[in-house]
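> Here is my input; please provide its structure:
(2 chains)
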Amino acid sequence: MTTALIVSQVLNGLQLGVILFLVAAGLTLVFGVMDFINLAHGVQYMLGAYLVAVSVAFTGHFGLGLVLGLLAALALGFVMEILVFRHLTRRDHLEQVLGTFGVILIVTEAVRMIFGSAPIAFPVPATLAGSVTLFPGLNYPVWRLVILGVGIAVAGLLWFLVNRTRIGMLVRAGSTHRETVSALGVDIDRLFLFVFAFGAMLAGLAGAMAGPLVSVEPTMGDRILIIAFVVIVVGGAGSIKGAFVAALLIGMVDTLGRAFVPDLLKSLVGRSAAATAGPALSSMLIYLLMAAILSVRPSGLFGGRTA
Amino acid sequence: MTHFSTRAVLAAAAVSLVSVVTASPGTAMADPVKVGFVSTLSGPSAALGVHMRDGFMLALKEMGGKLGGQPTEVIVVDDELKPDVAVTKVKALIERDKVDLIAGVVFSNVMMAISRPVLENETFIVSGNSGPSPLAGKACSPFFFAASYQNDQNHEVMGKYAQDKGYRRVVLMTPNYQAGKDAMAGFKRHFKGEVVEEIFTPLGQLDFSAELAKISAANPDAVFTFMPGGMGVNLVKQYAQAGLSGKIPFLSAFTVDETTLPATQDAALGLMSGAQWAPSIDTPQNKAFVAAFEKEYGVVPSLYAAQGYDAASLIDGALKATGGKTADKAAFGKALAAAPFTSVRGGFTFNTNGFPIQDFYVVKAVKRPDGKYATQVEAKVFEKAQDAYVENCPLK
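Model (predicted):
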């Protein structure tokens, strides 16, 4: 076990955490402010990857394509809110789940009809496609460093927006005292429209960040959605800080679990038993973590107290 | 409408009468052949099923919509990669639609689920991809024919290739489920060097950074992997980004092919895969097939497409031999077993268990001069190979 390996695994864990944070941030905003369960968040992540991939291919410029794609994701967020989500906010959770599940089916099928079911290419400029030597013995992919940087920047920006701006104050107030906020003359539906569209763009950004790493295909959002829900449940619904801490925690536990648990088991129970138990255990770790945290803090790490 | 004269109406009626009369000799001779085509057309692995279906349909189209000269109806169903859904739909194909045979099937868990009800009903299956080991061995059936391969073989190819190349230390990585374990067993059948590490990943894994860091640290002579569908795309992209693709040879099966190359593009260049077919195989049939497929669908065909195409050609050849009849099951089975068609892969005969005896190659991902990505034969690894289970099959 070399230092380089440990450092690179820690970086891997942080970087997975940051991706999870990007996906979960928008979800926790919507969930926290309007108490709205949006299963279609994974679809918005997928759309972000497609929109950016198409815009980059269309403009031939990565930065320009990224901006265009994200603007398109924002616009789609507005459209979806007006068409569908607006009509579900006053209903109970089951109807929200059903309604947004319908959105998943329709959007996924529409994307399949337009682009086909085969994964599509996600162009990345050559300078970002390779790896750099951080120190002797440790090469690290450039794109993963980009993700780390973007994720931390977004976390900082969100912290500033939520804690230091007027709209952030309303979001915080809305998440805990909805009736009071609306009695004070704030149009909570309008607030929701903006929060939702912004959340959709964040999901799109996460999709665009993941695009160079993973297969860009119509169902790519389904899997990430489950982990995103684990993140916001562990972090506490509606809490950006909670989402950030929980995302890093889960990214870390998942990566380090996959990296070291099978080896650890091998030294404890022998090779053959470890071969079957190791992978099973490491893929369960994040759910065990969630169960453990919820048994101590039923509303998540930062739930119920802070926004 | 008032301009229509009685004469014109009469003429039109006469023309339609004539067309009915001329059509009737063809249809009167036999019922239309009904094929139930089972494929995975939704979910993350749909690309494979779409290729296989498109290959089958292309062959049918080239034969003027007829198999064995008979009018043919193909009923395509989506198994959704769910064995229970597949069983329900296949039972409907047999009982309600009265299909003459079942063709297609991408995934082996689906094949294992449907094989029992279909084969017990003495309905033929012509597999367009899946070749599970039980059906090649103890549970073989005179009603089962694979136009593809036996599942282990593409992994065996890579093991043999690694052995021939003199690789001594290899890391194996597959998803943690039955097919992943079979892949490792297949690889090790001909590889005699050291397996440094066997890494099992959860099915559907997105991020391989932890595993790639481990591989990089172990610095083996080669990596062998089996990551079908989207997992393979994730792995190939991340393998290239980690700077491993030029350094550690990447040996794979069902990971680098024409269904994933449009997504991975340059990241996959130079990566190896085991296969019984590649677009570069130089026979007139294959050249025509590849050109026709690209013209029809705008993408380079994968081995799934080639197998779908071959499945249709096989059924066509067998129907020609029986004069379009499937009612005499012994005769139709015998006709299929003779493999009366020219496979796009070249030599193709059936073994006693209904699995092919054929050549296997190591193929490499390349960028063609026209900018499209495809696999290309690198080396022939097995000549006229049979599968490892045929001895356990009681059929002679």
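> And the strands in the stretch 101-250 of chain A, which stretches?
Per DSSP state E, counting those that start in this stretch, the stretch 101-250 of chain A carries strands over the ranges A:131-135, A:138-141.
> can you check chain B too?
B:33-39, B:66-67, B:70-78, B:101-104, B:124-127, B:144-146, B:169-175, B:194-201, B:222-225, B:250-252, B:272-275, B:349-350, B:356-367, B:373-385 (DSSP state E).
> Would you mind giving those strands as TSV with mean pLDDT added?
Shown next, in TSV, are the strands of chain B (pLDDT from 0 to 100):
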stretch	mean pLDDT
strand B:33-39	96
strand B:66-67	94
strand B:70-78	95
strand B:101-104	96
strand B:124-127	97
strand B:144-146	97
strand B:169-175	95
strand B:194-201	92
strand B:222-225	97
strand B:250-252	96
strand B:272-275	96
strand B:349-350	96
strand B:356-367	96
strand B:373-385	95
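> Which one of the ones you listed lies nearest to chain A?
With respect to chain A, and counting by CB to the nearest CB, the nearest of the strands of chain B is strand B:194-201 at 3.9 Å. No exception for glycine: its C-beta is placed from N, CA and C like everyone else's.
> List the contacts of that closest one.
If you take CB atoms under 8 Å, 6 or more residues apart in numbering or on different chains as the criterion, strand B:194-201 is touched by A:258, A:262, A:275, A:278-279, B:168-176, B:180, B:184, B:188, B:208, B:211, B:214-215, B:218, B:220, B:231.
> Drop anything exposed from those residues.
A:258, A:262, A:275, A:278-279, B:170-176, B:180, B:184, B:188, B:208, B:211, B:214-215, B:218, B:220, B:231 (16 or more other CB atoms under 10 Å in any protein chain shown).
> Point to the helix or strand of chain B where mean pLDDT is at its lowest.
helix B:6-29 (a mean of 44; mean pLDDT, DSSP states H and E).
> longest helix anywhere in chain A?
The single longest helix within chain A, with elements called by DSSP state H, is helix A:3-34.
> Give me the buried positions along that one.
Going by 16+ other CB under 10 Å, helix A:3-34 has these buried residues: A:4-9, A:11-34.
> Show the secondary-structure elements that that helix is packed against.
helix A:41-59, strand A:138-141, helix A:142-164, helix A:166-176, helix A:188-210, helix A:220-235, helix A:240-269, helix B:209-218 (3 or more CB pairs under 8 Å, 6 or more residues apart in numbering or on different chains; DSSP states H and E).
> Relative to residue B:331, which of the ones you listed is closest?
Between residue B:331 and those, the tightest spacing by CB to CB is seen for helix A:220-235, at 47.5 Å.
> And that closest one, how far out from the chain middle?
7 Å (CA atoms, centre = their mean, to the nearest Å).
> could you give the mean pLDDT of that helix?
Average pLDDT, helix A:220-235: 90.
> follow-up on the earlier one: for the strands of the stretch 101-250 of chain A, state which one has the densest average packing.
With neighbours defined as mean count of other CB atoms under 10 Å in any protein chain shown, the strands of the stretch 101-250 of chain A peak in mean count at strand A:138-141, which reaches a mean of 22.
> quick one: strands adjacent to that one?
Neighbouring strands of strand A:138-141 in its sheet, by DSSP bridges, are strand A:131-135 (antiparallel).
> Please name the nearest non-neighbouring residue to residue B:187.
Leaving aside its chain neighbours, residue B:187 sits nearest to residue B:159 (4.1 Å; criterion: CB to CB, 6 or more residues apart in numbering or on different chains).
> re earlier: quick one: the strands of chain B as CSV, columns for distance to residue B:319 too.
Compiled in CSV, the strands of chain B are given as follows (distance: least, CB to CB, whole Å):
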stretch, distance to residue B:319
strand B:33-39, 6
strand B:66-67, 5
strand B:70-78, 6
strand B:101-104, 10
strand B:124-127, 11
strand B:144-146, 13
strand B:169-175, 39
strand B:194-201, 44
strand B:222-225, 40
strand B:250-252, 37
strand B:272-275, 28
strand B:349-350, 16
strand B:356-367, 19
strand B:373-385, 26
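> Who are the contact partners of the residue nearest to residue B:217 when sequence neighbours are not counted?
Leaving aside its sequence neighbours, residue B:217 sits nearest to residue A:5 (CB to CB, 6+ apart; 4.6 Å). By CB under 8 Å, 6+ apart, residue A:5 lies in contact with B:213, B:214, B:217.
> And for residue B:209?
A:12, A:15, A:16, A:144, A:255, B:238, B:242.
> Dihedrals phi and psi, residue A:136?
phi -50, psi 130 (degrees, to the nearest 10).
> quick revisit: could the strands of the stretch 101-250 of chain A go into a markdown table alongside mean pLDDT?
As requested, those are arranged in a markdown table below (pLDDT from 0 to 100):
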| stretch | mean pLDDT |
| --- | --- |
| strand A:131-135 | 84 |
| strand A:138-141 | 86 |
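> Please list the residues of the stretch 51-200 of chain B that sit near chain A.
Contacts of the stretch 51-200 of chain B with chain A, taken as CB under 8 Å from any CB of the partner chain, map to B:176, B:198, B:199, B:200.
> Who is the last one paired with across the strands?
For residue B:200, the beta-bridge assignment (DSSP bridges) gives partners residue B:174.
> what about it, distance to residue B:256?
20 Å (CB to CB, to the nearest Å).
> Comparing the two, which residue is more hemmed in?
residue B:256 (32 against 24; other CB atoms under 10 Å in any protein chain shown).
> Show the contacting residues for that one.
B:232, B:236, B:250, B:264, B:268, B:271, B:272, B:273, B:365, B:375.
> same thing but at 10 Å, please
By CB atoms under 10 Å, 6 or more residues apart in numbering or on different chains, the contact set of residue B:256 is B:225, B:227, B:232-233, B:235-236, B:250, B:264, B:267-275, B:363-365, B:373, B:375.
> so which of those also contact chain A?
Near chain A, judged by CB under 10 Å from any CB of the partner chain, the entries from the contacts of residue B:256 are B:232, B:233, B:235, B:236, B:264, B:267, B:373.
> Assess the claim that the last one and residue B:262 are in contact.
Okay, so that is residue B:373. Yes: shown here, residue B:373 and residue B:262 form a contact pair, counting by CB atoms under 10 Å, at 6.6 Å.
> Between the two, which contacts overlap?
Listed contacts common to residue B:373 and residue B:262 are A:121, B:299, B:300; contacts here mean CB under 10 Å, 6+ apart.
> Need the per-residue pLDDT for residue 268.
As the question left the chain open, I've gone with chain A. Residue A:268 is given a pLDDT of 81.
> that's the wrong chain, I wanted chain B
pLDDT, residue B:268: 94.
> Could you report the neighbour count for the nearest residue to it once chain neighbours are set aside?
Excluding its sequence neighbours, the residue lying closest to residue B:268 (CB to CB, 6+ apart) is residue B:365, at 4.3 Å. Per other CB under 10 Å, the neighbour tally for residue B:365 reads 27.
> and if you look at residue B:392?
If you count neighbours by other CB under 10 Å, residue B:392 ends up with 14.
> go on, residue B:134?
With other CB under 10 Å as criterion, residue B:134 counts 14.
> Please name the residues that touch it.
Per CB under 10 Å, 6+ apart, neighbours of residue B:134: B:108, B:111, B:112, B:115, B:140, B:389, B:392.
> how far away is the first one from residue B:348?
I take that to be residue B:108. 21 Å.
> Just put the contacts of residue A:5 in CSV and tack on pLDDT.
CSV is the format used below for the contacts of residue A:5 (pLDDT from 0 to 100):
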residue, pLDDT
B:213, 91
B:214, 91
B:217, 89
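> Which of these sits closest to residue B:353?
So of those, ranked by how close each gets to residue B:353 (CB to CB), first place is residue B:214, at 39.1 Å.
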